[in-house]
Structures are given as structure tokens and as C-alpha cells.
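Engineer: let's see this in three dimensions:
(3 chains)
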Amino acid sequence: MAQVSSIANEQTSTPLSSSTSITLRISRFNPEHDESSGFMEFSVPVQKWTTVLEAILEVKKHFDHSVAVRYSCRQATCGSCGMIINGKPRLACFTKISELNSNVVTVEPMNNFPVIRDLAVKFEKLFDSHQKIKPFLIRDDTELVSDEKEFLQSPEEVEQYIQFANCIKCGLCNSACPTMATDSSFVGPQALAQAYRYVADTRDKGKDSRLKIIDDSHGIWRCHFAGSCSQVCPKGVDPAMGIQLLRGYLLGFRS
Amino acid sequence: MANDEHREGIKGMANPGRYGIERVAYWMMRLSGLGLLAYFIGHIYETSNILRGQVGWDEVLELTQTTEAHIVLAIVIGMCVFHTVNGVRVMLGHGGIGVGKPARPDYPYEPASQNYRHKIGIYSAILLSAIAMMYGMAVMFGE
Amino acid sequence: MRESTIMKIHYGTALAAVALVAVHILMRLTMNFAESLEYENVLANYKFVPYAAMLELILILLSVHGFNGLRVILLELKQGRMYEKAVSYGCLAGMIGLIAYGSRTIIMTNMGMV
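Structural biologist: Residues are numbered from 1 along each chain as shown, chains lettered A, B, ... in the order given. Coordinates of the predicted model:
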């Protein structure tokens, strides 16, 4: 069951009045002077609709402005506020406290990403892996010279990849992946799903070069279809499906 | 923090509680694989004793006829059946079979790859390995 | 060797081993389990050439599959050029060693050198 659907199940279980408050435990760590991470606890008033991000911002506004958190759009579009919320990778702006069915909410930085400070993590590795699989349409240059050239697609052809184009690069899939937990060289579910997104696009002609990149000792074969990536994806990308379909090309099931 | 990359490490990889039966199957597949390799190496060593003639063979056979050895063998049978059945499931999944078709996702975004076909495959692997273990024990202890 | 080739071998050896190990186990059940393990019966199995050939095939298939599986697990646990080379060559050596050791038993028993 997806993370998002389990959240839907939890939705009605905690009736919160306007005066309810919860304990927000925030992981604090500054690599410049801390040896290890610790937790700071704050009592935060919440409404039924309060998100975890709003609770963190409440802490920043009224208790401790030094809490480091990355956020931007507040509507699950920018992919900035991924973090571990009560043990699972989720977007803070997309997770309502009332859905968590707990009076104690623990927030930690995403696993498998180097910590900048507190809840903010570095995305360089994710972006490098993403860039490595050539996330753009590859065409013969001569076809692109004419201004009149259009690359038409049928709705069925669009369906083959549009799901994977929803990726917001939030990194939750990489944080949940069991291979990423120990393999620092693994390309990761985010980049592999994006490789499928372009390979499945009928306008693209870069299939062979992409398959060559991911056919590596730390490439697609290090995915074992545990599916945790798909369970935490907040946009319904289903990286596990994309990776298996992509592997189908390498195994000769697809052409 | 001990490691700069903030990786979850083996503990995170091994923790099967957070992500459902698919993650449990992933972990059991690993453990059963390692267990079967250890048994296989032991089995090759065990059977090599036949080169020592009847005396050597009977000595080893005696070691394998104890209750503890029968329990170990029953566990090996369970691991073997689980690894086989789940291995076939994973192999089909790796070929893109039974993982669903790409489609425009709708809220609440249930991932098509985590479907009932694969869940049934995992539960079947667990059930069959339990049955095989019981059959194995009946054969070994029934004599 | 490309990783896709290695993994195709991994899947191929798994499927072939499942079929042959099933035959190997069924042979134990053609008679009473304890009886099938008696010295004379096991020796007769080894001396029957098709069965000995099947045992050899199982030995190769499972050694390749098992040690490649171990290589995959070890590669995912730790990274580094030297470590990864050591794991790959170590697993290859383990695979060859086990095949050689098991083959010695099969060939010597089959040829009556017991």
C-alpha cells in the first residue's frame, strides 16, 4: 500500500480541536560543530489542516529561528521539503499532522543524503545521477534544423511516459531505497525512473546510450524490486514500475 | 553523525517494518540466499566424505541424523522453496511482467507495481515454504 | 563482462538449477529417505553416469548463481575500487574452488576411486 493511501486511512482517526497541541521533535545537527545529532522538542498548537511544514515554521517563528529547513512552494510541486516524518520519508508540506495519528511528530533529515544542517540535506548526488542518464530528448541534429519540424505523439504514446514526467526530484524514493541505504555508488530509483521516462518517449532516440549508462555494476541491476520507492512517492511516479520496464529492454522483453 | 553521507546502513536496509510485505520479501530473499549458499558449501563438504569409504560416510551420516540437523535441514527446505518461488516472482517483475502499465496517476496515487499479483506471489512463497518445511519434517522425523 | 550479461547468467543458472535440484530431491524420495542416504545407494547414484553428470551440472549452476549472489550483496554493502575488485575476484575464486572440490568428489566416486 502506498504511503499516501495509508495516510488517507489515517485521516479520520484523530479528531483535533483548534486548541490541540502536539509535541514536535526536530532533529538538530550542525556538521560544523556537532559530533552527533540530537532532538529538540517543541509543543506546537495545531489545527486539523496544519501540515508538518507549517508546524516547523511555527517553531521557527515563535521558538527557535535557527532550525534549518528547505521549503518553497508549500504545495508538493517544488520537491524541497522531503524529510523523515515519523520514520518514513514524506513531503512536510503534503503531510497533515492530523493524518499521522500521533501526538508526537518526529522529523529528521532524509536518509542517504548528506546533511547540511538540521532538516536540510544536499541534493548534489541526486542531481548528478539525474544528469548522468541524459534527462532530455536526444535527436539527430539535422531533424531539429527546420523550424517547422514537429514531433507529434498520440495520446497512447504520451501515456507511456507521462506518469514518470511527474517526478519533482524530491528525493523521497532515494531515501526509502534499501540499496541506497548502503550503496553510495548506486544511481538510484529517481534517475532510473527518469531514464525510463525518456526511453519510453517516442520522440527520443537515445535509448541505446542510456541503456549503456545504466548497465553498470552500480546501475539498474542493483534494484531488487523492493518497491519502497513507489510506496513513498508523493506524485504517483511509481519508480519501481519504470525500473522494471526499463530492465525489460536489457533482458530482451521489450524493444 | 558517524557517516558524512547520512546513509541508513545495514540497519536501514534490514528494517522491513516500514514498507510492507515487498520489503520483507526483499530481506528474506537476501537471508535465504546467504543461508542456501552456506548450506550448499557445507553439503559439498559433507558429501565429499564418501571418498573416505563407508566408515567416513557413515560418520558424517550419523551427524546429519540428529534432531538438530533435521531442524536445520527443515529450515534449509523452507529457505529453498521461498527463494525459488519468490525468485521466479522477482524475475518476472524484473522483465516488466505483472508490474502494471504506465498511466496518468490519480490521487491517492496507489503504485501499480505494488499490486495484488506480486503480493499473492510473496504470500504463496511463504505458504509453500511452510508446507515444504512441514513435509520435510514429516519425512525426516517420521522414520 | 557487462553487468547485464552477468545477470542474465544469474537468472539462467537459477532457472536451470530449480529444474535439476527438483530431480535431485525427487531421487531421495524414490525410496525411504534414510535408505536413500545409505552408502551403497549413494555410491550407486554416483556411479550412474547420467546422474553424476546431473550432479556436476547442479554443482556448476549453483556455484555460479550462489557466488554471484554473494558478489551482488557484498558490492552493495561497501564501495571502493580495491574492495570491489577483491569481492569480484574473491567470489570468482570461491566459485572455481567449490566447483573443483565438488567435481573431485563426483569424478573420483564415479570412476570407482573410493
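Engineer: hmm, the helix or strand of chain C at the bottom of the mean pLDDT ranking in reach of chain B?
Structural biologist: Every helix and strand in chain C was compared by mean pLDDT, DSSP states H and E; the lowest is helix C:33-36, with a mean of 85. Yes: contact of helix C:33-36 with chain B (C-beta under 8 Å from any C-beta of the partner chain) involves C:Phe33, C:Ala34. Where you see a C-beta, it was placed from the backbone N, CA and C, and this is true even at glycine.
Engineer: so which elements touch the helix or strand following that helix?
Structural biologist: With elements assigned by DSSP states H and E, the helix or strand that comes after helix C:33-36 is helix C:39-47. For helix C:39-47, the elements it packs on are helix B:53-64, helix C:49-77, helix C:81-110, judged by 3 or more C-beta pairs under 8 Å, 6 or more residues apart in numbering or on different chains; DSSP states H and E.
Engineer: try 7 Å
Structural biologist: If you count contacts as 3 or more C-beta pairs under 7 Å, 6 or more residues apart in numbering or on different chains; DSSP states H and E, helix C:39-47 packs onto helix B:53-64, helix C:81-110.
Engineer: format the CA atom coordinates belonging to stretch B:59-66 as CSV.
Structural biologist: Presented in CSV, the C-alpha positions along stretch B:59-66 are these (Å, rounded to 0.1, in the frame of the first residue of the first chain):
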residue,chain,number,x,y,z
GLU,B,59,30.4,-41.0,10.4
VAL,B,60,29.0,-37.9,8.5
LEU,B,61,25.6,-39.5,8.1
GLU,B,62,25.4,-40.0,11.8
LEU,B,63,26.0,-36.3,12.4
THR,B,64,23.1,-35.5,10.0
GLN,B,65,20.7,-37.9,11.7
THR,B,66,20.3,-35.8,14.9
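Engineer: give me the number of residues near whichever residue of the stretch 51-200 of chain A sits closest to chain B?
Structural biologist: The nearest approach of the stretch 51-200 of chain A to chain B comes at A:Ala181, 3.8 Å away (C-beta to the nearest C-beta). The tally of other residues near A:Ala181 (other C-beta atoms under 10 Å in any protein chain shown) stands at 24.
Engineer: how about the contacts made by it?
Structural biologist: A:Asn111, A:Asn112, B:Arg7, B:Glu8, B:Gly9, B:Gly12, B:Met13 (C-beta atoms under 7 Å, 6 or more residues apart in numbering or on different chains).
Engineer: now those residues in CSV, with secondary structure?
Structural biologist: Formatted as CSV, the contacts of A:Ala181 follow (DSSP: H, G, I helix; E, B strand; the rest coil):
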residue, secondary structure
A:Asn111, coil
A:Asn112, coil
B:Arg7, coil
B:Glu8, coil
B:Gly9, helix
B:Gly12, helix
B:Met13, helix
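Engineer: out of these, who's the most crowded?
Structural biologist: If you count neighbours using other C-beta under 10 Å, the busiest of the contacts of A:Ala181 is A:Asn112, which has 27 neighbours.
Engineer: and that residue, how close does it get to B:Met13?
Structural biologist: Computed as C-beta to C-beta, to the nearest Å, the A:Asn112 to B:Met13 distance reads 10 Å.
Engineer: residues of the stretch 101-250 of chain A that sit close to chain B?
Structural biologist: By C-beta under 7 Å from any C-beta of the partner chain, the residues of the stretch 101-250 of chain A that approach chain B are A:109, A:111-115, A:159-163, A:166, A:176, A:178, A:181-182, A:184, A:224-228, A:230-231, A:233, A:235-236, A:238, A:240-241, A:244-245, A:247-248.
Engineer: give me the buried positions along stretch A:211-226.
Structural biologist: For stretch A:211-226, the buried set under the neighbour-count rule, 16 or more other C-beta atoms under 10 Å in any protein chain shown, comprises A:211, A:213-226.
Engineer: so is it next to chain C?
Structural biologist: Yes: legend: contact between stretch A:211-226 and chain C by C-beta under 7 Å from any C-beta is shown at A:Asp215, A:Asp216, A:Ser217, A:Gly219, A:Trp221, A:Arg222.
Engineer: what residues does chain C put near chain A?
Structural biologist: Residues of chain C lying close to chain A by C-beta under 7 Å from any C-beta are C:Arg2, C:Glu3, C:Ser4, C:Met7, C:Lys8, C:Leu75, C:Glu76, C:Leu77, C:Gln79.
Engineer: 6 Å instead?
Structural biologist: Residues of chain C lying near chain A by C-beta under 6 Å from any C-beta of the partner chain: C:Arg2, C:Glu3, C:Ser4, C:Met7, C:Glu76, C:Leu77, C:Gln79.
Engineer: next: chain B.
Structural biologist: With C-beta under 6 Å from any C-beta as the criterion, chain B comes near chain A at residues B:1, B:4-8, B:12-13, B:18-19, B:22-23, B:26, B:90, B:93-96, B:99-100, B:102-105, B:108-114.
Engineer: near chain B, which residues of chain C?
Structural biologist: So chain C meets chain B at C:11, C:14, C:18, C:33-34, C:39, C:62, C:66, C:69, C:102, C:105, C:108-109, C:114 (C-beta under 6 Å from any C-beta).
Engineer: could these go into a markdown table alongside neighbour count?
Structural biologist: Listed next are the residues of chain C next to chain B as a markdown table, based on neighbours: other C-beta atoms under 10 Å in any protein chain shown:
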| residue | neighbour count |
| --- | --- |
| C:Tyr11 | 16 |
| C:Ala14 | 22 |
| C:Val18 | 16 |
| C:Phe33 | 13 |
| C:Ala34 | 13 |
| C:Tyr39 | 16 |
| C:Leu62 | 26 |
| C:Gly66 | 25 |
| C:Gly69 | 21 |
| C:Gly102 | 24 |
| C:Thr105 | 20 |
| C:Met108 | 15 |
| C:Thr109 | 21 |
| C:Val114 | 18 |
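Engineer: from those, which has minimum pLDDT?
Structural biologist: Lowest pLDDT of these: C:Val114, 77.
Engineer: show me the contacts for that residue.
Structural biologist: C:Val114 sits next to B:Leu51, B:Gly53 when contact means C-beta atoms under 6 Å, 6 or more residues apart in numbering or on different chains.
Engineer: residues near A:Gly206, how many?
Structural biologist: Here the number of neighbours of A:Gly206 (other C-beta under 10 Å) works out to 18.
Engineer: now do the SS call for the residue lying closest to it once chain neighbours are set aside.
Structural biologist: Nearest residue to A:Gly206, sequence neighbours excluded (C-beta to C-beta, 6 or more residues apart in numbering or on different chains): A:Ile138, at 3.0 Å. Secondary structure, three-state DSSP: A:Ile138 is coil.
Engineer: can you give me the pLDDT of residue 77?
Structural biologist: Since you didn't name a chain, this refers to chain A. pLDDT, read off for A:Thr77, is 96.
Engineer: try chain C instead
Structural biologist: 96.
Engineer: what sits closest to it if chain neighbours are left out?
Structural biologist: Using C-beta to C-beta, 6+ apart and skipping residues adjacent in sequence, the residue nearest C:Leu77 is A:Thr182, 5.2 Å away.
Engineer: got phi/psi on the one you found?
Structural biologist: phi -130, psi -20 (degrees, to the nearest 10).
Engineer: in contact with it, which residues?
Structural biologist: Contacts for A:Thr182 (C-beta under 6 Å, 6+ apart) come out as B:Met13, C:Glu76, C:Leu77.
Engineer: now with 7 Å?
Structural biologist: So A:Thr182 contacts B:Arg7, B:Gly9, B:Ile10, B:Met13, C:Glu76, C:Leu77 (C-beta under 7 Å, 6+ apart).
Engineer: how far away is it from A:Lys134?
Structural biologist: According to C-beta to C-beta, A:Thr182 and A:Lys134 sit 27 Å apart.
Engineer: one more: A:Gly171?
Structural biologist: From A:Gly171 to A:Lys134 the distance is 20 Å (C-beta to C-beta).
Engineer: one more: C:Val18?
Structural biologist: Distance from C:Val18 to A:Lys134, counting by C-beta to C-beta: 38 Å.
Engineer: same thing with B:Val139?
Structural biologist: As judged by C-beta to C-beta, B:Val139 and A:Lys134 stand 56 Å apart.
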